[in-house]
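Undergrad: One predicted model, sequence on top.
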Amino acid sequence: MTIGQDQTQAIATGMTENNHPASRPNSRAWQDSTRPPDAAPSKQPPDLDALRQQIDWEHLHRLSDDSTEFEWELLQVFAEDSSAYLAHLKQAIAQEDFWQIERDAHHIKGASANVGATSIQTAAAALEQQARAKRLEDSDRWIAMLESALDQLIMLVRLAPS
């Protein structure tokens, strides 16, 4: 891996000096997503405009210095990393491990802010606040929102120009 690739991955995953890769859950293969295996593929073509609204493109353009290739690379790395964190977050919720919920939600929130994934950031922030307050009554709704937004982002990345 080159230094540039290391930097890309670090930015997309929200890595700072305070969170070392050794503390991250194991990454899943790119083809894995949070979609259940029995989910039927859509028969309608995806609405690209709706998918593109998931991202604050102005923020991403500034971050990437208007490099389209770099933007798609950041989004792909973010989607891969977030899929793993989402699975870990769901496990923490099932175990009512508030400390881990807060930590995973905080990571997803920060990484999504880095790449301009606004709806993912919103849902992760809500989960982080709930975990801090040690309550989970809306966690199913926020997890569903996270899964939906992440699925849309994954679809957008798969449809990215090559």
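TA: Yep, it's here. Numbers count the residues shown, from 1 in each chain.

Undergrad: Determine the set of other helices and strands touching the longest helix seen in the chain.
TA: Secondary structure of the chain per DSSP state H: the longest helix is helix 68-94. Packing partners of helix 68-94 (3 or more C-beta pairs under 8 Å, 6 or more residues apart in numbering; DSSP states H and E): helix 3-12, helix 57-64, helix 98-115, helix 139-158. C-beta here means a position set from N, CA and C on the backbone, and glycine is covered the same way.

Undergrad: for those, which one ends up most surrounded?
TA: Among the helices and strands packed on helix 68-94, helix 98-115 has the highest mean neighbour count (mean count of other C-beta atoms under 10 Å), at a mean of 22.

Undergrad: re earlier: would you mark the buried spots in the longest helix of the chain?
TA: 70-90, 92-93 (16 or more other C-beta atoms under 10 Å).

Undergrad: Could you save the helices and strands packed on helix 68-94 as JSON lines and add columns showing mean pLDDT and distance to Ala123?
TA: Shown next, in JSON lines, are these (pLDDT from 0 to 100; distance: least, C-beta to C-beta, whole Å):
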{"stretch": "helix 3-12", "mean pLDDT": "56", "distance to Ala123": "18"}
{"stretch": "helix 57-64", "mean pLDDT": "92", "distance to Ala123": "18"}
{"stretch": "helix 98-115", "mean pLDDT": "96", "distance to Ala123": "8"}
{"stretch": "helix 139-158", "mean pLDDT": "92", "distance to Ala123": "4"}
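
Undergrad: Leu51: which of those is closest?
TA: helix 139-158 (4.2 Å; C-beta to C-beta).

Undergrad: Which residues does the closest one contact?
TA: 33-35, 46, 48, 50-52, 54-55, 72, 75-76, 78-79, 82-83, 86, 89-90, 93, 101, 108, 117, 119-120, 122-124, 126-127, 130 (C-beta atoms under 8 Å, 6 or more residues apart in numbering).
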